[in-house]
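1. Return atomic coordinates for the entry below.
(chains A, B and C)
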Amino acid sequence: MTEIHAQQSTIVLFSGDLDKAIAAFIIANGAAAYDHEVTMFFTFWGLNTLRKDKAVKTDKGLLEKAFGWMMPRGADKLGLSKMNMAGMGPKMIKHVMKKHRALSLPQLIELAREQGVKLVACTMTMDLLGLKQEELIDGLEYAGVAGYLGDASDAKVNLFI
Amino acid sequence: MTEIHAQQSTIVLFSGDLDKAIAAFIIANGAAAYDHEVTMFFTFWGLNTLRKDKAVKTDKGLLEKAFGWMMPRGADKLGLSKMNMAGMGPKMIKHVMKKHRALSLPQLIELAREQGVKLVACTMTMDLLGLKQEELIDGLEYAGVAGYLGDASDAKVNLFI
Amino acid sequence: MTEIHAQQSTIVLFSGDLDKAIAAFIIANGAAAYDHEVTMFFTFWGLNTLRKDKAVKTDKGLLEKAFGWMMPRGADKLGLSKMNMAGMGPKMIKHVMKKHRALSLPQLIELAREQGVKLVACTMTMDLLGLKQEELIDGLEYAGVAGYLGDASDAKVNLFI
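-> So this is what the prediction gives:
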């Protein structure tokens, strides 16, 4: 209810697919470039986008360890939603992106942080999947669905990806 | 155009995946807890979330019967969008949810009904997939895309899951 | 900021699945029937919906050719997100749609054009996947994420499918 305030946008990234994560970050970076205040809320498999690429020693139960082993470790390890072909699809996509000088997913994430996109990790799914803060990249905020809804209620563009 | 009216939110649940259905109901319940008027519109595979878990005797054609056999019968039978692993993934997720005292999907659906979330089954896809009202849980509304658009046009948060 | 203007809606079609494309066009056509100004933005696999069904001779690199071969050629060739069963699922869906006199996907696309739905192909993914304008159906607009965001910022219903 301030008199002038920036347009706001939110994106829930639920998916852990490389192609969907790229789309999400391209939209987020585009909106930030147009001075939207952008919040990205990472939940379920989307959290894998934010994992550090090296294993971090943590103290967890067996089931949480199993999820940790099975899920891709970070933005560079994600598969495709279509034509994954045992990892050949992601290689092809990364190759054409490089050829066309498009930013890679890790670079898109870095740009989002530089542009002030708010990256929020969903604490409820972190608990469920046994992911600890020290396993995720730096510069994140941590919140639950209430935090997301607070931002989404003020935004005009709200996407679930 | 009333002077004060509650914030509205809508969610289309197209997906029949357990993880996406859980995410949809957590957001819907969260929004309802913040006094949003929430409409969930169930279409295509999302309708499986609303099926009764027991077979209901109905009079339908062979193809509709085939869809009925092949599609999961209710919220407790859904698979995961990732790491389904022939049913082991859903078991793991349900196990960790129970361990963390998170509500199960059937409980989330019950909570949504208690909180007055409007659950709308898409009549057009019910026709296509041959689903009858008596095969779905009680307390639903029935409408087509026009009904959905009416609610979505008044809402600020509109998600397609 | 005109005094009276039509309600606007946008749909990003990222998915190349038949069922999701049908849902997207049903919502778009419904909104257009209610006088919304509707923009559909086709990106990644969603572009396959817009491919001509015949091969078009173009001059491209090997990798782009490979994408062209592997991706479905047009609305009539798409698979299902669930129960695809090596192509039997789409056949079943098309069969029940015909039986119920529901419009097929190619007919839904035609209706969208007749109703003035703005169909926009994402130029960035066209570059990445090596798709040329002459391989896509007629009557499209071409834009990047900035064009999409311009429309989405004015819209109330924004969906990502």
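2. what's the following helix or strand after the lengthiest helix in chain A?
-> What stands out as the longest helix in chain A, according to DSSP state H, is helix A:18-33. Once the chain leaves helix A:18-33, the next helix or strand it forms, by DSSP states H and E, is strand A:37-42.
3. residues in contact with that following strand?
-> Here strand A:37-42 makes contact (CB atoms under 8 Å, 6 or more residues apart in numbering or on different chains) with A:6-13, A:24-25, A:28, A:31-32, A:49-50, A:112, A:115, A:117-122, A:143, A:147-148, A:151-152, A:155. In short, each C-beta sits where N, CA and C put it, glycine included.
4. and the next element down the chain from the helix or strand of chain A with the lowest mean pLDDT?
-> Every helix and strand in chain A was compared by mean pLDDT, DSSP states H and E; the lowest is helix A:62-70, with a mean of 84. Where DSSP H and E defines the elements, the next helix or strand beyond helix A:62-70 is helix A:88-99.
5. Now do the helix or strand following that following helix against helix A:18-33, angle only.
-> As assigned by DSSP H and E, the chain's next helix or strand after helix A:88-99 is helix A:105-114. For helix A:105-114 against helix A:18-33, the angle by axes from the mean of the first three to the mean of the last three CA atoms, to 10 degrees is 30 degrees.
6. Buried residues in helix A:105-114, which are they?
-> Neighbour-count burial for helix A:105-114 flags A:105, A:108, A:109, A:110, A:111, A:112 (criterion: 16 or more other CB atoms under 10 Å in any protein chain shown).
7. Now distance to chain B and pLDDT too, for the residues you listed, in a markdown table please.
-> What follows is those, written out as a markdown table (distance: CB to the nearest CB, whole Å; pLDDT from 0 to 100):
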| residue | distance to chain B | pLDDT |
| --- | --- | --- |
| A:105 | 17 | 96 |
| A:108 | 21 | 97 |
| A:109 | 20 | 97 |
| A:110 | 25 | 96 |
| A:111 | 25 | 97 |
| A:112 | 21 | 97 |
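8. still on that earlier bit, of the contacts of strand A:37-42, which ones also sit close to chain C?
-> A:7, A:31 (CB under 8 Å from any CB of the partner chain).
9. Now a ChimeraX select for only the buried ones of the contacts of strand A:37-42.
-> Selection of buried members from these for ChimeraX, criterion 16+ other CB under 10 Å:
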select /A:7,8,9,10,11,12,13,24,25,28,31,32,49,50,112,117,118,119,120,121,122,143,147,148,151,152,155
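10. can you tell me which of the contacts of strand A:37-42 are in helices?
-> A:24, A:25, A:28, A:31, A:32, A:112, A:147, A:148, A:151, A:152.
11. ok so, going back, any part of the longest helix of chain A near chain B?
-> No - on the criterion CB under 8 Å from any CB, helix A:18-33 is out of touch with chain B, staying 11.1 Å away.
12. how far is that helix from where the chain is centred?
-> Chain-centre distance of helix A:18-33: 9 Å, with CA atoms, centre = their mean, to the nearest Å.
13. tally of neighbours for the residue nearest to residue A:100 when sequence neighbours are not counted?
-> In space, residue A:100 comes closest to residue C:127 once its chain neighbours are excluded; the distance is 5.5 Å by CB to CB, 6 or more residues apart in numbering or on different chains. A count of nearby residues for residue C:127, using other CB atoms under 10 Å in any protein chain shown, gives 17.
14. Which neighbouring elements make contact with the strand or helix carrying residue C:127?
-> Using DSSP H and E, residue C:127 maps to helix C:123-129. When contacts are defined as 3 or more CB pairs under 8 Å, 6 or more residues apart in numbering or on different chains; DSSP states H and E, helix C:123-129 packs onto helix A:88-99, helix C:62-70, strand C:141-143.
15. What is the shortest one packed up against?
-> Judged by 3+ CB pairs under 8 Å, 6+ apart, strand C:141-143 is in contact with strand C:118-122, helix C:123-129.
16. With respect to burial, which of the helices and strands packed on helix C:123-129 scores highest?
-> Highest mean neighbour count of those: helix A:88-99, a mean of 16 (counted as mean count of other CB atoms under 10 Å in any protein chain shown).
17. That one and chain C, any residue contact?
-> Yes - Helix A:88-99 lies within reach of chain C by CB under 8 Å from any CB, at A:92, A:93, A:95, A:96, A:97, A:99.
18. Going by distance to residue B:59, which of those wins?
-> Nearest to residue B:59, judged by CB to CB, of the residues of helix A:88-99 next to chain C is residue A:93 at 48.6 Å.
19. so how far is residue A:123 from the closest one?
-> The gap separating residue A:93 from residue A:123 is 31 Å, by CB to CB, to the nearest Å.
20. Check residue A:152 too.
-> When distance is defined by CB to CB, residue A:152 is 17 Å away from residue A:123.
21. What of residue A:9?
-> 22 Å.
22. Poorly predicted segments of chain A, please.
-> A:1-5 (pLDDT under 70).
23. again, only using 80
-> A:1-5, A:85-86 (pLDDT under 80).
24. Alongside chain B, which residues does it contribute?
-> So far as CB under 8 Å from any CB goes, chain A lies against chain B at A:12, A:14-16, A:43-45, A:63-64, A:66-67, A:70-71, A:124, A:127-130, A:145-146, A:148-149, A:152-153, A:155-156, A:158-160.
25. The spatially closest residue to residue A:161 that is not a sequence neighbour: what's it in contact with?
-> Nearest non-adjacent residue to residue A:161, counting by CB to CB, 6+ apart: residue A:24, 4.7 Å away. By CB under 8 Å, 6+ apart, the contact set of residue A:24 is A:11, A:13, A:40, A:159, A:161.
26. quick revisit: would you mind listing the outside residues contacting the least confident helix or strand of chain A?
-> A:60, A:129, A:130, A:131, A:135, B:83, B:92, B:95, B:96, B:99.
27. So which of those residues is the closest to chain C?
-> residue B:83 (16.1 Å; CB to the nearest CB).
28. How many residues are close by that closest one?
-> Residue B:83, neighbours per other CB under 10 Å, totals 17.
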